[in-house]
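# Structure for the following, please:
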Amino acid sequence: MSTAHGKSTAHDMSAAHDRSDPVVPTYSDAERERRWGLLRSVMHRAGLDAMLVFGEHEDSGPAPFAYDAWITNDRPGMTVLVPRDGDPISLLPMEMFSKDHLESARRGESLWIAPENLRTPRDSRVVIATLHELGLARAAIGVVGLEPYPPWHPEGIMPYGLWSTVLAEFPEADFRPVGALLSRLIMPLGAEEIAVVRRSAAIGDAMARAMVEAAAPGVPESAVYAAGMAAGYARGTTPAAMHFWSGPAPLASGLPPWSYRPQAPRVLADGDVISAEVFAHVAGRHTQHQVTITLGPPHEDLRRAADVAREAYDAGLAALRPGRTFGDVVEDLRGPYRAAGGWEFGPAIHTLNPMIAAAGFPVEASRRRAGADAYPPETDRPTMAADMVLEPGMTFALEPNYAYGRHLAYLGGTVLVTDDEPLELNPYTARLLRAGGG
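Purely as a prediction, here's the structure:
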């Protein structure tokens, strides 16, 4: 296999994934230089003098890919200025970030930004002062944070007050959105990033297995949720809050209602189904795992739906080859749906690290559900970034879903594109799971 993005063969990666390796992967100085070199290539390609990268704070809930942390190998929530010549400068939201940086330095951890390149806070006053310090009043500056990031941020994440003040101060500067350009350039992961993704995938599998073992009639669904999250925490990471619904035929996707409304978690019963989406997350690298667990034999319609979803999963695997477009993959994956007689619940595939492309799907069938006409109208979802050409090192959440009536099967996990056949990181969750025994 080519080493352009630091990849080994699919066989070697699969063997490494299967092996229980106690060594936790870290990022080296070479990885830092690789990333900063990509930033400079963006600036060269776009004719930029600098880049201004706004990072959403870590406590903001579901957030875009943390471009600031990708640059700094540090805590998310910074604004980063990257001159074409010279090291990045990080603007910190509060003094506590400086204290964390100092403590990490004392412990000998890998820090990419030197103390002299830190500024506090990251308000418009300090952004303006740093732009003046770098002599960028009349420069061409690429900005990350202005472009849409659906579904969470359809109009970007840059705060209006900060940005309007910066624009007023620099009327002669040429600010250009470059988030999409940067996203496509960094999607093919390097060898060190792939090692981190493999660790995330293994942790996500452990979370799913813990949920299967914990699920049983008479158990509160919160106990199953806790078992999955604890498996992630115990392995040295902080997984994002998972989506989780249960019932005889749950037909929803999102955080469990007891996490945002004052109500008791459901108590599981024989014949229930758990439909969950596990979000494993290791040091800024993300994997996703679609978990469908049955308590007892599955309903016949659920079994049929799972068969269709699995056929779509296999079609997606066959299509995930370098040189093909994302739109081609979506069309092939959705092929088994066309004559199956049921309906799609949501997107069947999307990119990870970062998420810039997602499969489209029709909503007409879902609108026929009882009571749906009382809700705001929906429109068919087009495929995002259908023209994106696949490259080795890209990661995808391959998560086909299909329903007959109210019986929804949601299957799949994370897949890595290689020079040849794609590498399944999570085949365990690409099928129905049975409580207590997998």
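# Could you break the protein into its assigned domains?
Per automatic domain parsing, the structural domains of the chain span 10-186, 191-434.
# Now do the longest one: distance from first to last residue.
The reference is to domain 191-434. In terms of CA to CA, to the nearest Å, the two terminal residues of domain 191-434 are separated by 35 Å.
# looking at this, Ala280 is in a strand?
Yes - according to DSSP: H, G, I helix; E, B strand; the rest coil, Ala280 belongs to a strand.
# give me the number of residues near it?
Using other CB atoms under 10 Å, Ala280 is surrounded by 31 other residues. Just so you know, the C-beta spots here come from the backbone N, C-alpha and C atoms, and that holds for glycine as well.
# quick one on the thing from earlier: of the domains of the chain, which stretch is the most buried?
Greatest average neighbour count among these goes to domain 191-434 (a mean of 20), per mean count of other CB atoms under 10 Å.
# circling back to that earlier point, can you redo the domains of the chain as JSON lines with mean pLDDT?
Below are these laid out as JSON lines (pLDDT from 0 to 100):
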{"stretch": "domain 10-186", "mean pLDDT": "87"}
{"stretch": "domain 191-434", "mean pLDDT": "94"}
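# Could you pull up the residues touching Asp49?
Asp49 is in contact with Met43, Pro83, Arg84, Leu136, Ala139, Ala140, Ile141, counting by CB atoms under 8 Å, 6 or more residues apart in numbering.
# Show the contacting residues for the nearest residue to Ser222 once chain neighbours are set aside.
Nearest residue to Ser222, sequence neighbours excluded (CB to CB, 6 or more residues apart in numbering): Pro265, at 3.9 Å. Pro265 is in contact with Pro220, Glu221, Ser222, Tyr225, Pro256, Trp258, counting by CB under 8 Å, 6+ apart.
# Show me those residues that map onto strands.
Counting by DSSP state E, no part of the contacts of Pro265 is found in strands.
# from those residues, which two are the most distant?
Using CB to CB, the two most remote members of the contacts of Pro265 are Pro220 and Pro256, lying 10.6 Å apart.
# just how off-centre is stretch 208-221 within its chain?
Counting by CA atoms, centre = their mean, to the nearest Å, stretch 208-221 is centred 25 Å from the centre of its parent chain.
# Could you do stretch 110-120 as well?
Its chain's C-alpha centre and that of stretch 110-120 lie 26 Å apart, by CA atoms, centre = their mean.
# And for it, what's in contact with it?
With CB under 8 Å, 6+ apart as the contact definition, stretch 110-120 has outside contacts at 26-28, 32, 71-74, 87-95, 97-98, 101-102, 104-105, 126, 129-130.
# and if you look at stretch 141-157?
If you take CB under 8 Å, 6+ apart as the criterion, stretch 141-157 is touched by 42-43, 46, 48-56, 62-64, 67, 131, 158, 163, 173-182, 358, 384.
# ok, now stretch 32-45?
Defining contact as CB under 8 Å, 6+ apart, one finds that stretch 32-45 is touched by 48-51, 70-71, 73, 82, 84, 87-88, 112, 142, 178, 181-182, 185-186, 190.
# where along the stretch 251-400 of the chain do the strands fall?
273-282, 285-294, 349-352, 395-398 (DSSP state E, counting those that start in this stretch).
# Please, which helix or strand holds Asp100?
Per DSSP states H and E, Asp100 falls inside helix 95-106.
# hang on, the earlier thing: Arg338 is nearest to which of the strands of the stretch 251-400 of the chain?
Between the strands of the stretch 251-400 of the chain, strand 349-352 lies closest to Arg338; by CB to CB that is 16.2 Å.
# Export only the CA atoms of the closest one, formatted as CSV.
C-alpha atoms of strand 349-352 as CSV (Å, rounded to 0.1, in the frame of the first residue of the first chain):
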residue,chain,number,x,y,z
ILE,A,349,-23.4,6.9,5.7
HIS,A,350,-21.5,10.0,6.6
THR,A,351,-17.9,11.0,6.9
LEU,A,352,-16.0,11.2,10.2
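# So which elements touch that strand?
Secondary-structure packing of strand 349-352 (3 or more CB pairs under 8 Å, 6 or more residues apart in numbering; DSSP states H and E): strand 285-294, helix 326-333, strand 395-398.
# how about the CA coordinates for the shortest one, as CSV?
This points to strand 395-398. Extracted in CSV, the C-alpha atoms of strand 395-398 (Å, rounded to 0.1, in the frame of the first residue of the first chain):
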residue,chain,number,x,y,z
THR,A,395,-13.1,7.3,7.8
PHE,A,396,-16.8,6.8,7.4
ALA,A,397,-19.7,5.9,9.7
LEU,A,398,-21.4,3.2,7.7
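# before we move on, the earlier item: the contacts of stretch 32-45 in strands, which ones?
Secondary structure from DSSP E places Ala50, Met51, Val82, Gly142 of the contacts of stretch 32-45 in strands.
# Distance from the helix holding Asp100 to the middle of the chain?
The answer for helix 95-106 is 27 Å, by CA atoms, centre = their mean.
# the inter-axis angle of the longest helix along the chain versus strand 285-294?
Ranked by residue count under DSSP state H, the longest helix found in the chain is helix 191-214. Interaxial angle of helix 191-214 relative to strand 285-294 (axes from the mean of the first three to the mean of the last three CA atoms, to 10 degrees): 20 degrees.
# quick one, what contacts the closest residue to Arg321 other than its chain neighbours?
What sits nearest to Arg321 in space, not counting adjacent residues and going by CB to CB, 6+ apart, is Leu390, at 6.7 Å. Neighbouring residues of Leu390 by CB under 8 Å, 6+ apart: Leu320, Arg321, Pro322, Gly323, Arg324, Thr325, Phe326, Val329, Val417.
# Skipping its backbone neighbours, what lies nearest Met355 in space?
Per CB to CB, 6+ apart, closest to Met355 is Phe65, 6.7 Å.
# what ranges do the helices span in this structure?
Using DSSP H, helices in the chain cover 10-18, 29-46, 67-72, 95-106, 124-133, 160-169, 179-186, 191-214, 221-234, 300-319, 326-333.
# Show me how far the fifth one is from its chain's centre.
Spelled out, that is helix 124-133. 31 Å.
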